[in-house]
Every structure is written in C-alpha cells, then in structure tokens.
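Got a predicted structure plus its sequence, pasted below:
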Amino acid sequence: MHRVIRAGGRTVLRLGVLVCTLGASTALVGLGMFSYLSYHQPAINQQGSQGQNALWASHRWVGEDHTLSEYAQLADELRQNGITEVFFHVGPLTAEGTIDQERFPNAALLIEKLRALYPEVRAQAWIGQVEVAGGGPLDLSDQQVRDGVVATATGFLDMGFDGVHYNIEPVSSGDRDFIDLLRRTRSVAQARGKVVSVAADELEPLPGAERLVRLFAKQAGFWNRQYYLEVADSVDEIAVMMYDTALPADWLYGTLVAWETRNIVELVGDRVIIFMGVPSYEDQRWSFNPRAENVESGLRGIQKGLEGFEGDELRNFGVAIYAEWTTDGQEWALYRREWLGGN
C-alpha cells in the first residue's frame, strides 16, 4: 500500500518555473551553487521537536484483526518517536461522500486499545478521495456530496476518533466548496472537543505560479498565500504534503523544503499547528526519487527553513512522517537523532 491519494503530476511542474529560470540566468546558477553549499552546512541553532509530530498510518489498523501485542507495539513505537497525532486511513470516500462500514470493522477496537496503551496520542480518521477535476469520483461542488462527507466525518468522531484528517486532491486555490466542507466539519468537531486537519498542497513559490502550472497539468498545483490563510482559518492542523517533487537531488529537494517551511511558518504563524511532511517511502517513478526525497533530506530542509525562528514562534510546529508502513528502523533512528535529539 502506498500513498492512497496521490495526484500524479501534483508537484513536478511546481518547480518547473524555478528550474527553467535557474537554467536561464548565470546569476541564478550562482544562486544554485549557494543553495548547494548551504544545504550541506549544518543548520544554525538547529531546531528540533516542539512536542507535536504526526504520522500517516495504514488502513490495516482499522480493516484487519490485530493482537494485543501488535497494538502494544504500535503504541510503543508512537511514544518512542514522539508522535502525538496519527492519521489512520479509513476510506476512501465513495462518489456520494460515504464510506462502507465493512471497510473499517476494527476502528472502534483500535481507538479503545490505543487510548488504553497511549492516552496522550490523538487518533484521527484519515478521509480522502480524488476529486472529479483530477479524474476521481468525488464532486465537492455538489451540496449533497458535501453533506455526505460531513455526515461520514461526524460518524467517525462519534465513534471515538479524536479528529478528522482530510486528504482530498486536487484542490485549487479559491475552491469555496472545499472551504465550506472544512468549516462545517470543524463546527461539528469543535462541538465535540475534537479537531480537523488537512493534507495541504505546498505554497506557490511565485505569484501566479499556480495558474501557470495548471495550464499544463490538471492535478499539479500549489495554493496561493490568500488561500493558505483561508484554509488555516478553517482547520486546527495543516499537514503539508512535502513530497513527489520530481527533483533529482537531495540538495534541490532540501532547498525547496527549507523555502516552503520558512514561508509557511511566516505566513500562517500561530493560527494552527503546522506539520511539514517528510517522506520515508522508496517508490521509483518519474515524480519521486528516493535518493533525493527521504527522511534525511526532508529533516535537513526543515531545519534549514527554521533558522532564525525562536521558541514561541515554533510552538505550533511539527513534522509528519509519510508513512507508518514504509518507515524502517534505520529511518526512525535517524529521525530520533536529528529531530528528537536522541538515539
């Protein structure tokens, strides 16, 4: 099982504008060399975990039987790695905005066991699907479909999940239907003392870049600054899908991660908790190179992006590992060393 919702060309053209510009200017070639050298230098005043981190987790936790020892092992791994939020995949949504109950027969048991074994963690129901604009079955412009999604989310909250995590793609800047879905779901969640989080696109690197990119790829996209703020004001947590960039080298990817981290933190501030996504999978395809995009380069980019920020400015910041079923022992050890400050 790999990333459940992945728009194939989501990020490859996002950097196209920058890459083409780099190739067109001698001055920017020099900037590229500076970025290469900067990436390989240790971060100044290296930042680490602020006490909240997230993890996308497999559907098998709600769809398959597990022993008590398996639940205990999961709880131990989450605790050891400082994971405070887990997005358990429970979907995907149907065209009507529903999820067949047969898909999550063990969801209630998961919540019961996890709450007993690791009460500090928040288990969120990861609900996702591809929109019609990306070739999928979900049409959020249909009021009845949005009603169905809200009802589905409400069901998971009432089951005992601590929150709802939406991963719906593609969503363009200015999409009012998505904002309506987020706000209505958040109203339901707040009434129950629970949270809403969203898997978010990256921030556009230049004004107008989103419109340019969408001329070439329906599923590729950024969110502009205004839309990022609207989303931030409609949820409790944002998890940035900082992967599938098609970049060929770790320093290029890390430089992008640093830029996104710095600019999203500056833009959003303390409105919501921000999780920057870090990939641990090793798929080999044109849009992803595991030698470029990995736990090490992701964390290094995040730490470079956090240079200059201080304590209170980062109290709502964390990382989100994608994903539980692809992260091995060596990657967890690297994460603990570089982000948690331990072995």
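Yep, it's here.

In the stretch 101-250 of the chain, what residue spans correspond to helices?
Assigned by DSSP state H, counting those that start in this stretch, the helices in the stretch 101-250 of the chain fall at 107-117, 143-159, 176-191, 209-214, 225-232, 250-268.

Tell me which of those sits most buried.
Mean neighbour count (mean count of other Cβ atoms under 10 Å) peaks for helix 250-268 among the helices of the stretch 101-250 of the chain, with a mean of 22. Any C-beta I mention is one placed from the backbone N, CA and C, and that applies to glycine too.

tell me the average confidence for it?
For helix 250-268, mean pLDDT rounds to 97.

May I have it as PDB, with CA atoms only?
Below are the C-alpha coordinates for helix 250-268, written out as PDB (Å, rounded to 0.1, in the frame of the first residue of the first chain):
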ATOM      1  CA  ASP A 250      18.800  15.900  -2.200                       C
ATOM      2  CA  TRP A 251      20.100  19.400  -2.100                       C
ATOM      3  CA  LEU A 252      17.400  20.600  -4.500                       C
ATOM      4  CA  TYR A 253      14.700  18.900  -2.600                       C
ATOM      5  CA  GLY A 254      16.100  20.100   0.700                       C
ATOM      6  CA  THR A 255      16.300  23.700  -0.500                       C
ATOM      7  CA  LEU A 256      12.700  23.500  -1.600                       C
ATOM      8  CA  VAL A 257      11.700  22.100   1.800                       C
ATOM      9  CA  ALA A 258      13.500  24.900   3.500                       C
ATOM     10  CA  TRP A 259      11.800  27.600   1.400                       C
ATOM     11  CA  GLU A 260       8.400  26.100   2.000                       C
ATOM     12  CA  THR A 261       9.000  25.600   5.700                       C
ATOM     13  CA  ARG A 262      10.200  29.200   6.300                       C
ATOM     14  CA  ASN A 263       7.500  30.800   4.200                       C
ATOM     15  CA  ILE A 264       4.600  28.700   5.500                       C
ATOM     16  CA  VAL A 265       5.600  29.300   9.100                       C
ATOM     17  CA  GLU A 266       6.000  33.100   8.400                       C
ATOM     18  CA  LEU A 267       2.600  33.200   6.600                       C
ATOM     19  CA  VAL A 268       0.400  31.100   8.900                       C
END
